[in-house]
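**Q** Fold the following for me, if possible:
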Amino acid sequence: MWKRGVGVAALAALASWGIHTLFPALPLLTVAVALGIIVAQIPAARPSLTGALAPGLSVASKRFMRLGIVLLGLKLSLVDIAGLGWTAIATTVAIVLITFAGTFWLGRWFALPGHQPLLIATGFSICGASAIGAMSGVVKAKDEETATPVALVTLCGTLAIAVLPALWHPLGLTNLQFGHWVGAGVHDVGQVVATAQIAGSAALAVAIVVKLTRVLMLAPIVAVASIVERRRHALGLSNGTGSAEEGMTKRPPIVPLFVAGFIAAALLRTLLPLPAVVLDAADFAQTAFLAMALFGLGSSVRLASLVRTGWRALIVGLLSWVLIAALAFGAVQIG
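**A** Here you go, the predicted structure:
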């Protein structure tokens, strides 16, 4: 039953690749989310999205997302990250933590429902929609809770592709400084590439390494969230709100399996000289998995509902976007 939904997600990923090939400035994964959002707004498509295709789209948005995140670890070489220098590493980690805490606080202050403050904070501070998917899997967020953060991080990341290059020269940044700013301030890896490549290959290389330093923060932050979730379940049991058997089955692991896989993949890339063909194959598979997953997530977005009820989330997303861009600019000046 799930095969039809997975097949549709695969076709959408293929279509996203075709659009990206024709228009290289459009990141493939951003296109995949956008396609999902567009399809979800077509009235004739909604019965299928919520009916026959739903099981397969759920498989894509959850299981394929986790597989893609594991393979994302193979992009991380701790040697390359160490090459940034301790000042750059420390400021990048500080940006992630401050943005995460600040965005979470804003989400609470604007009274966003459920897990939305946590998911928006994760997506904007670390690595966009893929980070939202990772955190969603740990806290067992509902699809409707995940849809709004995905739409917001896609919107703001797409805006960054146009806005940051326009500010490059007025702010007096060199090519390398611009690359650092983009890597520290733009959400998704594909959006970072699309934004930084206009400043040349050296700026792009700096942007990618800084960005992957932020991606490395996904593991500890998700692991901490998992520990908090376990304690929340334990507290619920002690208060008599659930049975012991229910609590044991619902408790997330201390370190989710896909996060352990992500760490193992990063260590493998760092410690072993992997052949280029292996890295290329892993990169292709990771992109395919994430494209299908993000199409699935995008297909649960209902823009009409978002416009009516999501204005507070939109404000939080825009404020978070400004916060991380300002912090990243400050880090560039320090560096």
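**Q** And the helices in the stretch 201-335 of the chain?
**A** Listed from the start of the chain, the stretch 201-335 of the chain has helices (DSSP state H, counting those that start in this stretch) covering 201-216, 218-238, 244-250, 257-271, 276-298, 303-309, 311-334.
**Q** what residues does stretch 19-37 touch?
**A** 12-13, 15-17, 128-130, 150-151, 154, 157-158, 161, 188-191, 193-194, 287, 290-292, 294-301, 303 (Cβ atoms under 8 Å, 6 or more residues apart in numbering). Every residue, glycine included, has its C-beta placed from N, CA and C.
**Q** quick revisit: include mean neighbour count and distance to Ala60 when you put the helices of the stretch 201-335 of the chain into JSON lines, please.
**A** As requested, those are exported to JSON lines (neighbours: other Cβ atoms under 10 Å; distance: least, Cβ to Cβ, whole Å):
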{"stretch": "helix 201-216", "mean neighbour count": "22", "distance to Ala60": "21"}
{"stretch": "helix 218-238", "mean neighbour count": "16", "distance to Ala60": "20"}
{"stretch": "helix 244-250", "mean neighbour count": "11", "distance to Ala60": "23"}
{"stretch": "helix 257-271", "mean neighbour count": "18", "distance to Ala60": "15"}
{"stretch": "helix 276-298", "mean neighbour count": "21", "distance to Ala60": "4"}
{"stretch": "helix 303-309", "mean neighbour count": "12", "distance to Ala60": "21"}
{"stretch": "helix 311-334", "mean neighbour count": "18", "distance to Ala60": "24"}
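**Q** among those, which gets the worst mean confidence?
**A** When the helices of the stretch 201-335 of the chain are compared on mean pLDDT, helix 244-250 scores lowest, with a mean of 47.
**Q** Select the longest helix from this structure.
**A** In the chain, assigned by DSSP state H, the helix with the most residues is helix 143-168.
**Q** tell me how far it is from the chain's mean position?
**A** In terms of Cα atoms, centre = their mean, to the nearest Å, the centre of helix 143-168 is set 11 Å apart from its chain centre.
**Q** Check stretch 311-325 too.
**A** 15 Å.
**Q** So which residues make contact with it?
**A** 95, 98-99, 102-103, 106-107, 110-112, 116-117, 120-121, 124-125, 148-149, 152-153, 155-156, 159-160, 164, 181, 184-185, 306.
**Q** ok, then the element right after the helix or strand where Leu29 lies?
**A** With elements taken from DSSP states H and E, the one containing Leu29 is helix 28-40. Proceeding N to C from helix 28-40, the next assigned helix or strand is helix 46-50, under DSSP H and E.
**Q** got the CA coordinates for the helix or strand that that following helix is followed by in CSV?
**A** Scanning forward in sequence from helix 46-50 by DSSP H and E, the next helix or strand is helix 54-59. Presented in CSV, the C-alpha positions along helix 54-59 are these (Å, rounded to 0.1, in the frame of the first residue of the first chain):
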residue,chain,number,x,y,z
ALA,A,54,-0.5,8.9,2.6
PRO,A,55,1.3,5.7,3.9
GLY,A,56,4.0,5.9,1.3
LEU,A,57,4.5,9.7,1.8
SER,A,58,4.8,9.0,5.5
VAL,A,59,7.5,6.4,4.8
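**Q** which residues touch helix 54-59?
**A** 1-9, 49, 143, 295-296, 299-300.
**Q** what's the helix or strand following that helix in contact with?
**A** Sequence-wise, the next helix or strand downstream of helix 54-59 (DSSP H and E) is helix 65-72. The contact list for helix 65-72 (Cβ under 8 Å, 6+ apart) reads 130, 133-134, 137, 215, 218, 257-259, 261-262, 265, 282-283, 285-287, 289-290, 293-294, 297.
**Q** neighbours around Leu97, how many?
**A** 13 (other Cβ atoms under 10 Å).
**Q** who's in contact with it?
**A** Applying Cβ under 8 Å, 6+ apart, the residues near Leu97 are Ser125, Met217.
**Q** That one and Phe104: what is the separation?
**A** Per Cβ to Cβ, to the nearest Å, Leu97 is found 11 Å from Phe104.
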